[in-house]
Every structure is written in C-alpha cells, then in structure tokens.
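Asker: Compute the structure for the input listed below.
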Amino acid sequence: MASFHHSWTSSCLFGVVTLIFSWFVKPTGAVYHGYVPSPWTLAHATFYGDESASATMGGACGYGNLITNGYGTDTAALSSTIFSNGYACGQCYQIRCVQSPWCYTGYVTVTATNLCPPNWSQDSNNGGWCNPPRTHFDMSKPAFMKIAQWKAGIVPVMYRRVPCNGIRKGGIRFSFQGNGYWLLVYVMNVGGAGDIHQMWVKGTKTDWINMSHNWGASYQAFATLQGQALSFRLTSYTTKQTITAYNVAPANWNLGLTYQANVNFH
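Answerer: A predicted model of the protein is given here:
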C-alpha cells in the first residue's frame, strides 16, 4: 500500500507540475536560447604549414590575415563534405585526438577558415584525406600540436560543433571591398553558430537589398550605396536566427575599411 501511495502521489505531483508548465510554455512559441554543442563524432585530422601558421593566412573563407583579424592560429581547413560551399566558414569545433599512441589529452577549439580540397590522384585512405565523403580537418600545425605529436602526420579524432561566443568577442565585423557600383562584404567575428546563410544591406536612401553569396564568408550587392549610412541583416546558416545591425557604417564609409556592429549571434 505504501508503494502504491508513493507512486500515486508522484504521478499526481508530476501531472500538476506538467499542467502548470504548460500554462507558461506554448509549444508553438519556442524561444531561441542560443546555439548548443553537437554530439561528438569520429573523424581524422592532419596539419599543414609550419609552427608559424603562415601557410594558413588567407584561405577559402577570405578572412585574410588570421592574426590581425582575430582568428589566431587555432584554425582548420575542412574537407568539402562539411565545408558546405563556404557556408561553414566561421564555424567553431572542439577536436581531441583518440585511439592513437601519438595523442595528447585535452582538446583544442578551432575555427573553420579554409577548404581542404579533394586530391583524387591519391587513395582516400592514403593521402587523399579530404576526398569525399570523408570528414576531415587539416589543421594549422600549432593547433594540431595541442592534441597530438606532429610526427603522427594523421590521427583519429573526435569532434563536435560548439558555440563561437567563447572565442568571438564584441560585435560582427564587416570588411568592405568592391567599387562604386558593387559592394563586397567579408563577414567576420560571427558568434553563435559562427556561420552566415543570408544577408541584406540597407542604405539610408534604400529599402533592404538582398546580398548574394560570393564565396567563403563574403556577400555582395550590385547597388550604388556610397554616401549612405549602411545597416545589415543576417541569418545564421545553422540556427536560422536573424539579427539586424543598424548603422554599422557611417555615410562617409570607404572601401578597404572594416566596420564593427554592436550586435552578434548567441
């Protein structure tokens, strides 16, 4: 009888709590609370360049000098399977070495800044490490050396996507290129899931203009926008969250300069 009473009381209490919770939380009104880490998944990792990481500068995402632009040397080139035609640029990954005598303990958090292209002249299991459908990280040497001895060359790893907020500080940055009729913007320092899927620009004399994906982390608008203060609207590739950064660049903005918003994804 005591056991039945305890079970009945617990069931009733659970039902009351559930009912009260349902009054305050509507299934159709979910609130976005930020990007959360993904499950750990098996892959492999190699490295390119030397300890200076000079070979990692530039890259397929268009971030230029990774040191001056805030990405540092903890970066990786992704195989095309996860590079997603550049939409993965800016994503953050925790990587740890497993199942190898060359492994160190712990993990490193890297940012996706480059593409590791396929090498079809070599077997996928013997040199063609980035051939589809392999998931592979070609890391900077300083990042690789945080998880394994560099002499290993290639090691099995576990990886997971993580929020970028811990390593991205401040607002999103917009680096301007192009000419008087074409604005090309490189999007950097993206928090949350770290990536961008869509982007719009608005001048003080225009409506919102859709910007097309150029390559890597760059978006373009074929419009005459000089002499206008510019605002941007962005949607995350992973979370679909949309934010608006108002008055990012003043009316006297110039090509070749970088402007920082006061907002970011979370």
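Asker: Tell me what L184 is bridged to.
Answerer: On the basis of DSSP bridges, L184 is bridged to Q177, Q220.
Asker: give me the number of residues near it?
Answerer: Counted by other Cβ atoms under 10 Å, the residues lying close to L184 total 18. Bear in mind the C-beta positions are built from the backbone N, C-alpha and C, glycine included.
Asker: you'd agree F174 is in a strand?
Answerer: Yes - counting by DSSP: H, G, I helix; E, B strand; the rest coil, F174 is found in a strand.
Asker: just checking, it touches L255?
Answerer: No - counting by Cβ atoms under 8 Å, F174 sits too far from L255 to count as a contact (11.8 Å).
Asker: More neighbours: which of the two?
Answerer: F174 (26 against 13).
Asker: List the buried residues in stretch 215-232.
Answerer: Applying a neighbour-count criterion of 16 or more other Cβ atoms under 10 Å, one finds 216-221, 225-226, 228-232 buried in stretch 215-232.
Asker: Show the end-to-end separation of that stretch, please.
Answerer: 18 Å (Cα to Cα, to the nearest Å).
Asker: likewise stretch 144-161?
Answerer: From its first residue to its last, stretch 144-161 covers 17 Å (Cα to Cα).
Asker: try stretch 40-56
Answerer: End-to-end distance of stretch 40-56 (Cα to Cα): 26 Å.
Asker: Show me what the mean pLDDT comes to for that stretch.
Answerer: Average pLDDT, stretch 40-56: 95.
Asker: Would you agree I147 is in contact with Y104?
Answerer: Yes - counting by Cβ under 8 Å, Y104 is a contact partner of I147 at 5.6 Å.
Asker: In this protein, which residue is most central in space?
Answerer: By Cα atoms, centre = their mean, the chain has its centre lying nearest to Q91, at 1.8 Å.
Asker: Need the nearest residue in space to E51, chain neighbours excluded.
Answerer: Nearest residue to E51, sequence neighbours excluded (Cβ to Cβ, 6 or more residues apart in numbering): K141, at 5.5 Å.
Asker: and the one you found, what does it touch?
Answerer: By Cβ atoms under 8 Å, 6 or more residues apart in numbering, the contact set of K141 is 47-51, 53, 150.
Asker: Emit the PyMOL select command for whichever of those are buried.
Answerer: Selection of the buried residues among the contacts of K141 in PyMOL, burial being defined by 16+ other Cβ under 10 Å:
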select buried, resi 47+48+49+53
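Asker: and which of the contacts of K141 is nearest R96?
Answerer: Within the set of the contacts of K141, F47 lies nearest R96; the separation is 15.0 Å, counting by Cβ to Cβ.
Asker: That closest one belongs to a strand?
Answerer: Yes - under three-state DSSP, F47 falls within a strand.
Asker: For it, give its distance to T111.
Answerer: 15 Å (Cβ to Cβ, to the nearest Å).
Asker: now the strands: where do they sit in the stretch 51-200 of the chain?
Answerer: Counting by DSSP state E, counting those that start in this stretch, one finds strands in the stretch 51-200 of the chain at the ranges 75-79, 92-97, 108-116, 136-140, 155-162, 173-179, 182-188, 198-203.
Asker: Please work out the average pLDDT along the first one.
Answerer: The average pLDDT within strand 75-79 is 98.
Asker: Send over it as PDB, restricted to the C-alpha atoms.
Answerer: What follows is strand 75-79, C-alpha atoms only, in PDB (Å, rounded to 0.1, in the frame of the first residue of the first chain):
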ATOM      1  CA  THR A  75      42.200  27.200 -37.300                       C
ATOM      2  CA  ALA A  76      41.400  24.300 -39.700                       C
ATOM      3  CA  ALA A  77      40.700  23.700 -43.300                       C
ATOM      4  CA  LEU A  78      37.600  21.500 -43.700                       C
ATOM      5  CA  SER A  79      37.000  18.700 -46.300                       C
END
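Asker: which secondary structure elements does it contact?
Answerer: Strand 75-79 sits against strand 108-116, strand 136-140, with contacts defined as 3 or more Cβ pairs under 8 Å, 6 or more residues apart in numbering; DSSP states H and E.
Asker: Quickly run through the sheet partners of that strand, with directions.
Answerer: Here strand 75-79 has these sheet partners by DSSP bridges: strand 108-116 (parallel), strand 136-140 (antiparallel).
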